[in-house]
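A.B. asks: Have a look; sequence and predicted model below, questions after that.
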Amino acid sequence: MSRRTFGRIAAVLIGLGSVVAILPQSARPRSPRLDAWRLARDLIQESGTRKSIPKFVVWPTAREIFPCGEHSPAAVRGVSARNLLDESFHYSPEVAVRLCAPLSPATGTAPLDAVLATWEKSKPKPPTITLQFPDGAHLAAAFWNAVRRPADPQNGKIVQAAIRAGNEVRTQRIRITLPSHLGTGSAACDPPTSKGEPAAADAADVSLDEFFWVRLNPGERYNGALCGDFAVLMAFHLVHKVQGRWLWTTFWWDPESKEFGGDRPKDFDGAGEVPRAWRNYAMDASFESTATIFNPWRIEERKDNCARCHAEVTVYKSPTSDAQISFDSVTAARNHFQ
Ligand code: HEC
């Protein structure tokens, strides 16, 4: 590099340095990752609705929110405490209320799930932009794996755990085993009937306590698991409305990742019998619709971008005109608008 070029670069760098120095703290772009950890830390705390269950898991599902008008928000909370594993998409209370609020002033008081006929008739049809969620609204998705209690406590369950290195997906074979204090029966449940799998040379043993898990109560079922068995959290999404923009965040189990976990706050603890198990999840976050951001567990989302795809899949297109509607580019208006 010539001395002159060097001099110019140095002048630019010094200039940039002084601009940064005079900018007030608030004008600097904040890292979405730090916001993502902070917001998640709040939502993984115990809900108060059911012991050891984090807030985002007890939020209502679409099946509990729709049809609108049949229940009060209090009734919605009652249902969600019983069926927490039933569906994996959950909506925070602000979102649940907004989903059942009037669609737009132009279509009267009818909520999303009952307004289709009115919307089709109204001219002009309300554009996508009239529908907005407030700041502090959140959506969540939880991806569980059913782990049954094995009749032989030495056995476990082999799982292909998807993890990320950069934008590449790798799979790790692990065998989830029960710590001795959980392997024994639960008085209220029948003895275990599942055989389970013996140790395998190519699958490292990982204790259930390295994950967040939920133990099924009498009468509960999840994907073949019954009373006394476990639903183990492999991955989850949390989407937050922050200052008018969606912050897309996604988490998957990978205690080793420095790339996606090195900046995790030291106190990242949450609900459950092992609060620090939440530190074993790696995370990706973005406000943008261009960067690559995906959860390795979601095969259909790999190497893609949350906002980009949601901007397409959430749109409902009128069959009779060019009009279309989307609920703030995030949720499935396409599915719920009837
Ligand atoms: C390739 C398309 C695609 C990508 C990429 C994608 N999603 Fe989705 N997502 C969907 C579809 C389709 C649904 C609705 C599925 C259904 O209703 O069964 C959905 C549902 C959801 C839901 C449930 C809420 C709702 O009302 O639909 C959340 C939360 C969510 N996605 C978050 C994310 C996050 C976070 C990312 C990025 C890490 C992401 N999605 C990437 C297509 C995508």
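C.D. replies: Everything's here; your move.
A.B. asks: how about the CA coordinates for stretch 309-316, as CSV?
C.D. replies: Output in CSV follows, covering the C-alpha atoms of stretch 309-316 (Å, rounded to 0.1, in the frame of the first residue of the first chain):
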residue,chain,number,x,y,z
CYS,A,309,-40.8,-16.2,4.3
HIS,A,310,-43.4,-14.9,6.7
ALA,A,311,-44.0,-11.8,4.5
GLU,A,312,-45.2,-14.4,1.9
VAL,A,313,-46.8,-17.1,3.8
THR,A,314,-48.9,-14.9,6.0
VAL,A,315,-50.7,-13.1,3.2
TYR,A,316,-54.3,-14.0,2.4
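A.B. asks: is that stretch anywhere near the ligand?
C.D. replies: Yes: if you take Cβ under 6 Å from any ligand atom as the test, stretch 309-316 does meet the ligand, through 309-310, 313. In short, each C-beta sits where N, CA and C put it, glycine included.
A.B. asks: In a markdown table: those, plus pLDDT, distance to Ala101 and neighbour count.
C.D. replies: Conversion of these to a markdown table gives the following (pLDDT from 0 to 100; distance: Cβ to Cβ, whole Å; neighbours: other Cβ atoms under 10 Å):
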| residue | pLDDT | distance to Ala101 | neighbour count |
| --- | --- | --- | --- |
| Cys309 | 93 | 26 | 14 |
| His310 | 91 | 21 | 21 |
| Val313 | 85 | 22 | 13 |
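A.B. asks: Export those to JSON lines and append columns for distance to Pro124 and secondary structure.
C.D. replies: JSON lines is the format used below for the residues of stretch 309-316 next to the ligand (distance: Cβ to Cβ, whole Å; DSSP: H, G, I helix; E, B strand; the rest coil):
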{"residue": "Cys309", "distance to Pro124": "28", "secondary structure": "helix"}
{"residue": "His310", "distance to Pro124": "25", "secondary structure": "helix"}
{"residue": "Val313", "distance to Pro124": "24", "secondary structure": "helix"}
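A.B. asks: quick one: which of those is nearest the ligand?
C.D. replies: The ligand lies nearest to Cys309 out of the residues of stretch 309-316 next to the ligand, by Cβ to the nearest ligand atom, at 2.8 Å.
A.B. asks: which residues does the closest one contact?
C.D. replies: Contacts here follow Cβ atoms under 8 Å, 6 or more residues apart in numbering; on that basis Cys309 touches Glu301.
A.B. asks: again, only this time at 7 Å
C.D. replies: The contact partners of Cys309, by Cβ atoms under 7 Å, 6 or more residues apart in numbering, come to none.
A.B. asks: Okay, it and Arg298: tell me how far apart.
C.D. replies: Going from Cys309 to Arg298 by Cβ to Cβ, to the nearest Å gives 10 Å.
A.B. asks: repeat for Pro265
C.D. replies: Distance of Pro265 to Arg298, computed by Cβ to Cβ: 25 Å.
A.B. asks: swap in Pro192?
C.D. replies: Counting by Cβ to Cβ, the gap from Pro192 to Arg298 is 31 Å.
A.B. asks: So if I had to pick from the two, which one is more boxed in?
C.D. replies: Legend: neighbour count by other Cβ atoms under 10 Å for Pro192 and Arg298, higher for Pro192 (22 against 17).
A.B. asks: Verify the stated contact: that one with Pro150.
C.D. replies: Yes: proximity of Pro192 to Pro150 meets the contact threshold set by Cβ atoms under 7 Å, at 6.2 Å.
A.B. asks: Please, where are all the strands along the stretch 151-300 of the chain?
C.D. replies: 156-165, 168-177, 204-207, 213-215, 230-242, 245-253, 281-286 (DSSP state E, counting those that start in this stretch).
A.B. asks: and the third one, what's its mean pLDDT?
C.D. replies: Spelled out, it's strand 204-207. Here strand 204-207 scores 98 as its mean pLDDT.
A.B. asks: How about it, which residues are buried there?
C.D. replies: Val206 (16 or more other Cβ atoms under 10 Å).
A.B. asks: what's in contact with it?
C.D. replies: Strand 204-207 is contacted by residues 156, 174-177, 179, 199 when judged by Cβ under 7 Å, 6+ apart.
A.B. asks: Look up phi and psi at the nearest residue to Trp248 once chain neighbours are set aside.
C.D. replies: The shortest distance from Trp248 to any residue other than its chain neighbours is 3.9 Å, reached at Cys306 (Cβ to Cβ, 6 or more residues apart in numbering). Dihedral angles of Cys306 (phi, psi; degrees, to the nearest 10) stand at phi -60, psi -50.
A.B. asks: can you pull up the bridge partners for Ala200?
C.D. replies: Ala203 (DSSP bridges).
A.B. asks: ok, it touching Ile158?
C.D. replies: Yes: counting by Cβ under 7 Å, Ala200 sits close enough to Ile158 to count as a contact (6.3 Å).
A.B. asks: Now do the shared contacts for these two.
C.D. replies: Going by Cβ under 7 Å, 6+ apart, residues that sit against Ala200 and also against Ile158 are Arg175.
A.B. asks: Give me the more crowded residue out of the two.
C.D. replies: Ranked by neighbour count (other Cβ under 10 Å), Ala200 and Ile158 place Ile158 first, with 16 against 13.
A.B. asks: Thanks a lot, catch you later.
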